[in-house]
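*Asks:* This is the structure alone, sequence omitted:
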């Protein structure tokens, strides 16, 4: 049995950050039921280009495998009735909405505790449920800007830049999943649920971590570094080779000694300018050009073979295609397959969370409202006539026709 096989989560989620967090919970065995707003066509992720057709997109597939879907209008009294019955039979309500919306639509702990005292209500929002920005929409790109990330990313003198992938969204999903599991642990211990208030902004600011500690305590001003160099450890950056780029890192003195020897300059290890972390940082403008001149004399693969043989931390700077074909990617089973009625076999990334000996199984993302019968009949306990009446009164909105 998978670790979370006894957990049921109602997910009022859409797009990226929220679905990313619940995807890993679903891969771990939780029953994640997507509550999709029918008037807007459900999760907006269904329509994200370029690989989208009808209500299917590869973007949606990448965030929603192993889940169930039901279209449910929470503003309709009968739709709300269905939702509340599901709350009684669930462990958590998980959402990613604007900070003021969970309270407005009645999905906080105070709104639901009379139905299920142990319910955990985890809200992942842009800016949190309190504070002057709580009513503002928050997206990865915006948060990278306001939290200082873009000011630190890119080459010195160039324009601000975002990270190549949506790190705020992805990290937000992971932290929300962590918060939800912590809440569930406590609720199962004492029978009392709670709110989990998680925000993308909080996460992005706290990820400033040690540069923030340096600034707060010593007035350090973080700045962009040439070729993505580490702010304090030298050498620890990207270097150009004869045919490409690689990263070389010396986070321990022993690695610097080995590198100096491999480059044919063992004297650099004892040179008073370069013989310690502090000295190499102080004289980095003298050291880095010497290293760059050496690294441009050979191809990347030659350097990687030589440095790896000496145990010196290094890596190629791969394209996405190269990363997906890397032997380590394949050995770790990081690419999984699902079968989809429109796309056929869909290949996507596995969850990195490996817990216990039982490997996850993978089922494609659900079609919108695909699990209406399962959720209403099996979980909520309605009979066929009751479901028909609920539908007639707008509980499920206008059902998809294709």
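*Replies:* Sure, I can see it. Keep in mind that what you see is a predicted model, and the values were worked out from it rather than measured.

*Asks:* which residues make contact with the longest helix anywhere in the chain from outside it?
*Replies:* Counting by DSSP state H, the longest helix found in the chain is helix 167-190. Applying CB atoms under 8 Å, 6 or more residues apart in numbering, the external contacts of helix 167-190 come out as 7, 9, 16-25, 91-92, 94, 96, 118-120, 122, 124, 140, 143-144, 147, 149, 192-194, 196, 198-200, 203-204, 207. The way it works is simple: take the backbone N, C-alpha and C, and place the C-beta from them, glycine included.

*Asks:* If any of those residues are buried, give me the ChimeraX selection for them.
*Replies:* Filtering these down to the buried ones (16 or more other CB atoms under 10 Å) takes a single ChimeraX command:
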select :7,9,16,17,18,19,20,21,22,23,24,25,91,92,94,96,118,119,120,122,124,140,143,144,147,149,193,194,196,198,199,200,203,204,207
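
*Asks:* In helices, which of the contacts of helix 167-190 appear?
*Replies:* The members of those that map onto helices under DSSP H are 17-25, 140, 143-144, 149, 200, 203-204.

*Asks:* What is the nearest of the residues you listed to residue 369?
*Replies:* residue 19 (16.5 Å; CB to CB).

*Asks:* which residues does the closest one contact?
*Replies:* Per CB under 8 Å, 6+ apart, neighbours of residue 19: 11, 13, 34, 43, 45, 63, 64, 96, 173.

*Asks:* Apply 10 Å and report the result again.
*Replies:* Counting by CB atoms under 10 Å, 6 or more residues apart in numbering, residue 19 touches 11, 13, 26, 32, 34, 43, 45, 59-60, 62-65, 67, 94, 96, 169, 173, 365.

*Asks:* So what touches stretch 331-347?
*Replies:* 27, 51, 53-58, 61-62, 65-66, 323-326, 328-329, 348-352, 354, 359-365, 367, 402.

*Asks:* Tell me the buried residues within these.
*Replies:* Looks like the contacts of stretch 331-347 have 27, 55-58, 61-62, 65-66, 329, 348, 350-351, 360, 362, 364-365, 367 buried, using 16+ other CB under 10 Å.

*Asks:* Just the ones of the residues you listed in strands?
*Replies:* 56, 57, 348 (DSSP state E).

*Asks:* pLDDT and distance to residue 246 added to those residues, as CSV?
*Replies:* CSV is the format used below for these (pLDDT from 0 to 100; distance: CB to CB, whole Å):
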residue, pLDDT, distance to residue 246
56, 95, 39
57, 97, 35
348, 96, 28
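
*Asks:* and the closest residue to residue 7 other than its chain neighbours, what does it touch?
*Replies:* Nearest-residue entry for residue 7: residue 30, 4.2 Å, with adjacent residues in sequence omitted and distances by CB to CB, 6 or more residues apart in numbering. Neighbouring residues of residue 30 by CB under 10 Å, 6+ apart: 2-9, 11, 22, 24, 66-67, 91-92, 94, 177, 180-181, 184.
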